[in-house]
Structure formats: C-alpha cells, structure tokens
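Chemist: Provided below are the primary sequence and the corresponding predicted coordinates.
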Amino acid sequence: MHVIILSGNPKKDGLCQSMVDAVREGAEEAAATVEEIRVNDLKLIRCQVCQDGWGTCLTEKRCQYGDDGLDDLMKRLASADVLVLATPVYWGEMSESLKCCLDRLRRCAHGAHGLLAGRQALLVATPGGSGNGQLTCFEQLDRFCRHTGLAIFDYLGANRWTVDYHRRAARSAAFALARGRKNGDTVD
Ligand SMILES: Cc1cc2nc3c(=O)[nH]c(=O)nc-3n(C[C@H](O)[C@H](O)[C@H](O)COP(=O)(O)O)c2cc1C
C-alpha cells in the first residue's frame, strides 16, 4: 500500500505538521510506504485558464504548462493507493499553494476515469488561529475529491485545543486505510 500525503503546509513543525506526522506514523505502523509531497517546494505556477476556459487539460488530460513540475507530480500521484490532502486553514480555505496545485490537478484529473478516480482520500485541515473556517476549507477539499472521483474516507479537523485527540484519530485513520479499509466498509 502506498500512501501519498499532498501537503499545503509551508511550515515544517506546528499544528498542521503534527497531524501529517500522525498520519505518517499510522500508515507506517500498518507497513505502508509513505511519501510526503510538500507543494510549497514545487513552486507551481497557477492555472493559466487557457483559450476560452479549457486547454489540453480537457483534450489530453495534461497541462500544457506541466513541465513546471505538474507532470512529475501527476506521475507520482498515479502510484498512490491512498491520497491524504493536508492543509492549514487560511482565510477559511486551504492554503494558497495547495489551491494553486489542486486547481490544475483537477482539470487534468477530472471525471470518473481520471488519474485519481476510485482511490481513497483522507482530508486533514487545521485552523490554528481562531479555529474558524474548518468547514469551508473542507468544502473546498470535498469538491476537489468529487470532481476527481476520489472516495472520501474521512475528514480530520484539528485546532489548538483539540489536536491531542485528533492526532490519535489521524494515526488510527491512516492505519485503517493502509490496512485496506475502504469508504463504505462496515466496522463493529
Ligand atoms: C494567511 C493566514 C490565514 C489564516 N486564516 C485562518 C483562519 O481562517 N482560521 C483559523 O483558525 N486560523 C487561520 N490561520 C492560522 C492557521 O490556520 C495556522 O497557522 C495553522 O493552521 C496551524 O498552525 P501551524 O501553522 O502551526 O500549522 C491563518 C494563518 C495564516 C498565515
């Protein structure tokens, strides 16, 4: 089982990273291989909104500007059995870097037969300031999954005063996913 964590976190420590680390621990405990991709390191350009709204993303399911790193990212994502989307909550949304990445990825991977379709997704969002904006952030992540055919396994939100027990949930969720549990399975 290969788990890819696509993280929009610019920081290497703190609240969001502690949830990412918990996911990694749970997946590794279940003997999965884990790859953490930090989108901030990729320096992707934003979607150029080609022609009258669509470009090669529609006709060829690839971005005509994909040599900036998006093509490589798509190849790496193709190897994932489970995709974890993790982000701090900024302005009640996912981080700008993750949004920039998912905007282009969605165009190239949309539909029931796209690159990500049918895989399990775990969503992690951490509002670290007021604690507000978690739901609207999840709504964005949820929409990305619906458009790309990802099967949402769970939504894990954590803030400053709940992270201790949500870290345990993150670890358990990743463990369950890495052991092959799927959206729709029934547990006792
Ligand atoms: C530009 C920006 C906007 C933010 N907006 C919110 C917000 O809407 N709600 C919230 O609870 N926290 C907000 N925060 C705080 C982050 O959610 C917080 O830094 C992060 O989720 C968790 O802490 P970490 O940075 O230690 O991972 C914002 C932070 C930044 C930098």
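Modeler: Nice, thanks for sending it over.

Chemist: for the residue most central in space within the chain, give me the pLDDT.
Modeler: Centroid-nearest residue in the chain: L85, 1.7 Å away (criterion: C-alpha atoms, centre = their mean). pLDDT recorded at L85 is 99.

Chemist: what sits against it?
Modeler: By C-beta atoms under 8 Å, 6 or more residues apart in numbering, the contact list for L85 reads L6, G8, M94, L98, L102, A121, L122, L123, V124, L141, F144, C145. (Each C-beta comes from the backbone N, C-alpha and C, glycine too.)

Chemist: so who does Y65 touch?
Modeler: So Y65 contacts I45, Q48 (C-beta under 8 Å, 6+ apart).

Chemist: how near is it to A125?
Modeler: 28 Å (C-beta to C-beta, to the nearest Å).

Chemist: pull the residues that contact stretch 177-188.
Modeler: 1, 3, 26-27, 29-32, 82, 120, 122, 151-153.

Chemist: quick one: which of those residues sit in strands?
Modeler: V3, V82, Q120, L122, A151, I152, F153 (DSSP state E).

Chemist: rewinding a little: go through the contacts of L85 and flag which are in helices.
Modeler: L98, L102, L141, F144, C145 (DSSP state H).

Chemist: thought S95 was touching K11?
Modeler: No - counting by C-beta atoms under 8 Å, S95 does not reach K11; the two are 10.2 Å apart.

Chemist: picking that back up, tell me how far the residue nearest to the centre of the chain lies from the ligand.
Modeler: With the distance defined as C-beta to the nearest ligand atom, to the nearest Å, L85 ends up 14 Å from the ligand.

Chemist: and the helix or strand containing that residue, which strands flank it?
Modeler: Secondary structure assignment for L85, by DSSP states H and E: strand 82-88. Strand 82-88 pairs in its sheet with strand 2-7 (parallel), strand 120-126 (parallel), by DSSP bridges.
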